[in-house]
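Chemist: Below is the structure, and that's it, no one-letter string:
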Ligand code: SF4
Ligand code: SF4
Ligand code: SF4
């Protein structure tokens, strides 16, 4: 299953990903970094394309 | 904004950033309104512990998105990693605040009568652009206008840098090193403190 995963150390908490996510799967945790709700995420990759910091990436969960 | 999401009034705040520059073009005193973009994000961060300003209400961030994504003016290429690295972000914040301080000092010199009002905009902290049409005196003392010219210079310069990185890289690359964004995230991280560690551990990052 493909899911978005965020590198919280790189994330600048700009919110671009959460604004773009068609599933509303991303929230910005207390202005610090983006958190993905893996139950809701469908792995479409829209957030990855939008993220200016290159911090959120879609990974294949089977390898995780 | 995602296409299937309902639009909110705040999705149109990008229009505000255009109006701001237009107003300051005709009368530099309007430059003072830009302080809203400094104070509101800090209130959100300090009082609310969030980056809702960046996430929702920042007209400038939205402008880069509207121009970069909707008008396709962005190459949408990932910027080099150092641009969003911590040392660059905090370095740029330090540089920005130093320049802000020197602008305040310039304003003080006019206030104290040591310097006279200079009707010019300084772009990229280097290039002086005459801007004398934007001020023909007012009921306010000269230092008020001097601050306007200084502040407008900062706002215009940062927007121009933002437009350049928008065109070269991803739409909102500016937001990865925007001083307000760095400052508010820093405040939020301090406020969240211990909770951060816990939250981070829950997710296999
Ligand atoms: S991959 Fe798609 S569904 Fe998952 S968080 Fe990103 S934008 Fe949302
Ligand atoms: S777009 Fe990227 S940098 Fe911005 S909040 Fe999302 S993951 Fe973080
Ligand atoms: S990072 Fe700066 S430009 Fe981007 S949304 Fe936040 S305040 Fe606005």
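Modeler: Perfect, thanks for sending it. In this text, all values refer to a predicted model and were calculated from it rather than measured experimentally. Numbering: from 1, shown residues only, chains lettered A, B, ... in the order given. Ligands and ions are numbered 1, 2, ... in the order given.
Chemist: Now do the helices in chain B.
Modeler: B:14-26, B:36-43, B:52, B:59-65, B:86-112, B:142-168, B:174-177, B:179-192, B:194-202 (DSSP state H).
Chemist: tell me the contacts of residue 42?
Modeler: I'll assume chain A. Applying Cβ atoms under 8 Å, 6 or more residues apart in numbering or on different chains, we find residue A:42 in contact with A:23, A:25. Any C-beta I mention is one placed from the backbone N, CA and C, and that applies to glycine too.
Chemist: try chain B instead
Modeler: With Cβ under 8 Å, 6+ apart, residue B:42 has these contacts: B:183, B:184, B:187.
Chemist: ok, and which of the helices of chain B has the densest surroundings?
Modeler: helix B:174-177 (a mean of 27; mean count of other Cβ atoms under 10 Å in any protein chain shown).
Chemist: where in chain A is pLDDT low?
Modeler: A:62-64 (pLDDT under 70).
Chemist: Looking at the residue lying closest to residue B:35 once chain neighbours are set aside now. What's its pLDDT?
Modeler: Nearest residue to residue B:35, sequence neighbours excluded (Cβ to Cβ, 6 or more residues apart in numbering or on different chains): residue B:151, at 7.4 Å. Looking at residue B:151, its pLDDT is 98.
Chemist: can you check the one 5 residues further on too?
Modeler: Confidence at residue B:156, expressed as pLDDT, is 98.
Chemist: Okay, it and ligand 1: tell me how far apart.
Modeler: 34 Å (Cβ to the nearest ligand atom, to the nearest Å).
Chemist: residue contacts, that residue?
Modeler: Residue B:156 neighbours (Cβ under 8 Å, 6+ apart): B:21, B:121, B:123.
Chemist: In this structure the second one contacts residue B:132, no?
Modeler: No. No contact is recorded between residue B:121 and residue B:132 when judged using Cβ atoms under 8 Å, the distance being 10.3 Å.
Chemist: out of those two, which sits in the busier spot?
Modeler: residue B:121 (23 against 11; other Cβ atoms under 10 Å in any protein chain shown).
Chemist: The more buried one pairs with what?
Modeler: Judged by DSSP bridges, the bridge partners of residue B:121 are residue B:129.
Chemist: quick one, what contacts it?
Modeler: Residue B:121 sits next to B:128, B:129, B:131, B:149, B:152, B:153, B:156 when contact means Cβ under 8 Å, 6+ apart.
Chemist: 6 Å - rerun?
Modeler: Residues in contact with residue B:121 (Cβ atoms under 6 Å, 6 or more residues apart in numbering or on different chains) are B:129, B:131, B:153.
Chemist: Can you name the residue of chain B nearest to ligand 2?
Modeler: residue B:176 (6.7 Å; Cβ to the nearest ligand atom).
Chemist: out of the contacts of residue B:156, who's nearest residue B:57?
Modeler: Minimum distance to residue B:57 across these is 17.9 Å, recorded for residue B:21 (Cβ to Cβ).
Chemist: Apart from its chain neighbours, what residue comes closest to that closest one?
Modeler: Looking at residue B:21 with Cβ to Cβ, 6+ apart, the closest residue is residue B:156, at 6.7 Å.
Chemist: Quick check: the one you found vs residue A:41, distance?
Modeler: To residue A:41, residue B:156 is 39 Å away according to Cβ to Cβ, to the nearest Å.
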